[in-house]
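Visitor: Got a predicted structure here, sequence first:
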Amino acid sequence: MPSCIICHELIDQNLNLHEECPNGHQIHKNCLKKWLDRSFHCPLCNNQYNEDIISKFKLYQKEIQKEKQKELELQTQQENIEKIQKIGEKFAFLKLIESIKHLINNKDYEKALDKLNNFEDKTKVIDMHTIMFFRGKINFLREKYDLAISYLFKLVKENFNYSEAFIYLGKSYKALGLDDQAEWAFKRAKK
Ligand SMILES: [Zn+2]
Ligand SMILES: [Zn+2]
(Lines give C-alpha, C1' and ligand atoms only; values in the text may rest on other atoms or scores of the structure.)
(Ligands and ions follow the chains in the order given, each with its own letter.)
Protein backbone atom coordinates (compact mmCIF):
# COMPACT_ATOMS: atom_id res chain seq x y z
CA MET A 1 0.00 0.00 0.00
CA PRO A 2 1.45 3.41 -0.93
CA SER A 3 1.85 6.04 1.76
CA CYS A 4 1.11 9.75 1.76
CA ILE A 5 4.11 11.95 0.91
CA ILE A 6 3.10 14.44 3.59
CA CYS A 7 2.07 12.45 6.67
CA HIS A 8 3.66 9.10 5.61
CA GLU A 9 0.60 7.14 6.65
CA LEU A 10 -0.75 4.43 4.40
CA ILE A 11 -3.34 5.29 1.76
CA ASP A 12 -6.25 2.91 1.24
CA GLN A 13 -6.96 3.13 -2.50
CA ASN A 14 -10.57 2.02 -2.03
CA LEU A 15 -11.59 4.94 0.17
CA ASN A 16 -10.97 7.61 -2.48
CA LEU A 17 -9.39 9.87 0.10
CA HIS A 18 -6.32 10.72 -1.94
CA GLU A 19 -5.07 12.61 -4.99
CA GLU A 20 -1.87 12.30 -6.93
CA CYS A 21 0.53 14.50 -8.87
CA PRO A 22 1.22 13.91 -12.61
CA ASN A 23 4.08 11.61 -11.51
CA GLY A 24 1.76 9.46 -9.41
CA HIS A 25 2.90 10.64 -5.96
CA GLN A 26 -0.04 9.96 -3.71
CA ILE A 27 -1.21 12.29 -1.01
CA HIS A 28 -4.25 12.42 1.29
CA LYS A 29 -6.85 14.96 0.22
CA ASN A 30 -6.76 16.52 3.66
CA CYS A 31 -2.97 16.74 3.62
CA LEU A 32 -3.08 18.20 0.12
CA LYS A 33 -5.58 20.90 1.16
CA LYS A 34 -3.13 22.20 3.71
CA TRP A 35 -0.21 21.92 1.31
CA LEU A 36 -1.98 23.81 -1.51
CA ASP A 37 -2.22 26.79 0.82
CA ARG A 38 1.50 27.17 0.21
CA SER A 39 2.11 25.74 -3.25
CA PHE A 40 0.36 24.14 -6.24
CA HIS A 41 3.37 21.89 -6.87
CA CYS A 42 3.93 18.37 -5.59
CA PRO A 43 6.11 18.51 -2.45
CA LEU A 44 8.13 15.54 -3.72
CA CYS A 45 8.78 16.14 -7.45
CA ASN A 46 7.74 19.79 -7.73
CA ASN A 47 5.42 19.09 -10.69
CA GLN A 48 2.30 21.24 -10.74
CA TYR A 49 -0.95 19.48 -9.77
CA ASN A 50 -3.66 19.11 -12.43
CA GLU A 51 -5.98 22.04 -12.98
CA ASP A 52 -9.02 20.09 -11.75
CA ILE A 53 -7.28 19.36 -8.43
CA ILE A 54 -6.33 23.01 -8.07
CA SER A 55 -9.81 24.27 -8.94
CA LYS A 56 -11.35 21.80 -6.46
CA PHE A 57 -9.07 23.25 -3.86
CA LYS A 58 -10.06 26.80 -4.71
CA LEU A 59 -13.70 25.86 -4.33
CA TYR A 60 -12.91 24.36 -0.97
CA GLN A 61 -11.12 27.56 0.06
CA LYS A 62 -14.19 29.57 -0.89
CA GLU A 63 -16.39 27.38 1.28
CA ILE A 64 -14.03 27.81 4.22
CA GLN A 65 -14.15 31.56 3.65
CA LYS A 66 -17.94 31.49 3.63
CA GLU A 67 -18.05 29.51 6.85
CA LYS A 68 -15.69 31.94 8.52
CA GLN A 69 -17.86 34.82 7.34
CA LYS A 70 -20.95 33.13 8.79
CA GLU A 71 -19.21 32.52 12.08
CA LEU A 72 -18.19 36.16 12.23
CA GLU A 73 -21.76 37.29 11.58
CA LEU A 74 -23.08 35.01 14.31
CA GLN A 75 -20.49 36.36 16.70
CA THR A 76 -21.48 39.94 15.90
CA GLN A 77 -25.13 39.08 16.46
CA GLN A 78 -24.28 37.51 19.80
CA GLU A 79 -22.31 40.60 20.81
CA ASN A 80 -25.23 42.84 19.89
CA ILE A 81 -27.59 40.74 21.98
CA GLU A 82 -25.21 41.01 24.93
CA LYS A 83 -24.96 44.78 24.48
CA ILE A 84 -28.75 45.10 24.50
CA GLN A 85 -28.94 42.90 27.60
CA LYS A 86 -26.42 45.12 29.35
CA ILE A 87 -28.40 48.24 28.45
CA GLY A 88 -31.52 46.50 29.79
CA GLU A 89 -29.74 45.67 33.05
CA LYS A 90 -28.56 49.27 33.43
CA PHE A 91 -32.04 50.59 32.74
CA ALA A 92 -33.65 48.21 35.25
CA PHE A 93 -31.11 49.30 37.85
CA LEU A 94 -31.74 53.02 37.27
CA LYS A 95 -35.47 52.39 37.54
CA LEU A 96 -34.92 50.56 40.82
CA ILE A 97 -32.89 53.43 42.28
CA GLU A 98 -35.54 55.94 41.18
CA SER A 99 -38.30 53.99 42.89
CA ILE A 100 -36.17 53.52 46.03
CA LYS A 101 -35.64 57.28 46.24
CA HIS A 102 -39.35 57.80 45.77
CA LEU A 103 -40.21 55.33 48.56
CA ILE A 104 -37.67 57.01 50.86
CA ASN A 105 -39.31 60.40 50.19
CA ASN A 106 -42.62 58.85 51.19
CA LYS A 107 -40.98 57.35 54.30
CA ASP A 108 -42.00 53.91 53.07
CA TYR A 109 -38.82 52.30 54.37
CA GLU A 110 -39.99 48.70 54.71
CA LYS A 111 -41.21 48.65 51.14
CA ALA A 112 -37.95 50.14 49.94
CA LEU A 113 -35.96 47.39 51.68
CA ASP A 114 -38.30 44.73 50.26
CA LYS A 115 -37.76 46.14 46.83
CA LEU A 116 -33.97 46.02 47.22
CA ASN A 117 -34.16 42.39 48.35
CA ASN A 118 -36.49 41.42 45.53
CA PHE A 119 -34.32 43.08 42.95
CA GLU A 120 -31.21 41.33 44.20
CA ASP A 121 -32.97 37.96 44.04
CA LYS A 122 -34.21 38.35 40.50
CA THR A 123 -31.88 40.65 38.64
CA LYS A 124 -28.16 40.86 38.08
CA VAL A 125 -26.92 43.69 40.25
CA ILE A 126 -24.46 45.85 38.35
CA ASP A 127 -23.61 48.18 41.24
CA MET A 128 -23.56 46.41 44.59
CA HIS A 129 -22.17 49.45 46.41
CA THR A 130 -25.22 51.54 45.58
CA ILE A 131 -27.46 48.77 46.92
CA MET A 132 -25.39 48.64 50.13
CA PHE A 133 -25.56 52.41 50.46
CA PHE A 134 -29.34 52.46 50.25
CA ARG A 135 -29.62 49.60 52.75
CA GLY A 136 -27.52 51.68 55.14
CA LYS A 137 -29.33 54.93 54.50
CA ILE A 138 -32.80 53.38 54.83
CA ASN A 139 -31.83 51.70 58.09
CA PHE A 140 -30.55 55.01 59.41
CA LEU A 141 -33.86 56.66 58.46
CA ARG A 142 -35.88 53.94 60.20
CA GLU A 143 -33.61 54.42 63.22
CA LYS A 144 -31.98 50.99 63.05
CA TYR A 145 -28.57 52.53 63.61
CA ASP A 146 -26.66 49.31 64.31
CA LEU A 147 -27.84 47.82 61.03
CA ALA A 148 -27.08 51.05 59.19
CA ILE A 149 -23.55 51.06 60.60
CA SER A 150 -22.92 47.44 59.63
CA TYR A 151 -23.96 48.04 56.00
CA LEU A 152 -22.20 51.37 55.65
CA PHE A 153 -19.02 50.29 57.38
CA LYS A 154 -18.77 47.28 55.09
CA LEU A 155 -19.31 49.59 52.13
CA VAL A 156 -16.66 52.18 53.02
CA LYS A 157 -14.18 49.39 53.69
CA GLU A 158 -14.66 48.34 50.06
CA ASN A 159 -15.00 51.83 48.62
CA PHE A 160 -13.13 54.50 50.52
CA ASN A 161 -14.38 57.26 48.20
CA TYR A 162 -18.08 56.81 48.90
CA SER A 163 -18.65 60.18 50.64
CA GLU A 164 -22.37 59.80 51.12
CA ALA A 165 -21.81 56.49 52.88
CA PHE A 166 -19.40 58.18 55.32
CA ILE A 167 -21.99 60.90 55.98
CA TYR A 168 -24.72 58.41 56.91
CA LEU A 169 -22.19 56.35 58.84
CA GLY A 170 -21.32 59.48 60.85
CA LYS A 171 -24.98 60.29 61.41
CA SER A 172 -25.62 56.75 62.64
CA TYR A 173 -22.67 56.89 65.06
CA LYS A 174 -23.86 60.26 66.29
CA ALA A 175 -27.39 58.93 66.87
CA LEU A 176 -25.87 56.26 69.12
CA GLY A 177 -23.80 58.88 70.96
CA LEU A 178 -20.53 57.61 69.50
CA ASP A 179 -19.11 61.08 68.86
CA ASP A 180 -15.50 60.09 68.19
CA GLN A 181 -16.48 57.58 65.53
CA ALA A 182 -18.94 60.08 64.09
CA GLU A 183 -16.21 62.68 63.77
CA TRP A 184 -13.92 60.13 62.11
CA ALA A 185 -16.62 59.30 59.55
CA PHE A 186 -17.55 62.92 58.80
CA LYS A 187 -13.88 63.78 58.27
CA ARG A 188 -13.65 61.13 55.55
CA ALA A 189 -16.67 62.34 53.68
CA LYS A 190 -15.18 64.46 50.94
CA LYS A 191 -17.04 67.58 50.03
ZN1 LIG B 1 -1.38 12.31 4.48
ZN1 LIG C 1 5.06 14.31 -7.37
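Guide: Perfect, thanks for sending it. Here the structure is a predicted model, which is why all the values come from computation and not from measurement. Ligands and ions are numbered 1, 2, ... in the order given.
Visitor: In which helix or strand does the residue nearest the centre of the chain reside?
Guide: With distances taken as Cα atoms, centre = their mean, residue 82 lies nearest the centre of the chain, 8.4 Å away. For residue 82, the host element (DSSP states H and E) is helix 51-105.
Visitor: rewinding a little: measure the residue nearest to the centre of the chain to residue 40 for me?
Guide: Relative to residue 40, residue 82 is positioned 43 Å away (Cβ to Cβ, to the nearest Å). Quick note: C-beta positions are derived from backbone N, CA and C, even for glycine.
Visitor: low-scoring stretches of the chain, by residue?
Guide: Counting by pLDDT under 70, the chain contains low-confidence ranges at 191.
Visitor: Ligand 1 contacts on the chain?
Guide: 4, 6, 7, 28, 31 (Cβ under 5 Å from the ion).
Visitor: can I assume the fourth one is in contact with residue 17?
Guide: Looking back up the chat, that one is residue 28. Yes - between residue 28 and residue 17 there is a contact at 6.0 Å, judged by Cβ atoms under 8 Å.
Visitor: which residues do those two both contact?
Guide: Here residue 28 and residue 17 share the contacting residues residue 11, scored by Cβ atoms under 8 Å, 6 or more residues apart in numbering.
Visitor: between these two, which one's more packed in?
Guide: Higher neighbour count among residue 28 and residue 17: residue 28, with 20 against 13, using other Cβ atoms under 10 Å.
Visitor: Identify the residue spatially nearest to residue 110, adjacent ones excluded.
Guide: Of all residues not flanking residue 110 in the chain, residue 142 sits nearest, at 7.7 Å (Cβ to Cβ, 6 or more residues apart in numbering).
Visitor: any idea how far that neighbour is from ligand 2?
Guide: Residue 142 sits 88 Å away from ligand 2, going by Cβ to the ion, to the nearest Å.
Visitor: What's the local residue count around that residue?
Guide: The number of residues packed near residue 142 is 15, by other Cβ under 10 Å.
Visitor: That one contacts residue 109, correct?
Guide: Yes - counting by Cβ under 8 Å, residue 142 touches residue 109, with 4.3 Å between them.
Visitor: Centre of the chain to stretch 13-24, how far?
Guide: Relative to the chain's own centre, stretch 13-24 is displaced by 48 Å; criterion: Cα atoms, centre = their mean, to the nearest Å.
Visitor: Just the terminal-to-terminal distance for that stretch.
Guide: 13 Å (Cα to Cα, to the nearest Å).
Visitor: in it, what counts as buried?
Guide: By 16 or more other Cβ atoms under 10 Å, the buried positions in stretch 13-24 come out as 18, 19, 20, 21.
Visitor: Output these in a markdown table, with distance to ligand 2 appended to each entry.
Guide: Shown next, in a markdown table, are those (distance: Cβ to the ion, whole Å):
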| residue | distance to ligand 2 |
| --- | --- |
| 18 | 13 |
| 19 | 11 |
| 20 | 8 |
| 21 | 3 |
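Visitor: Done for today, thanks.
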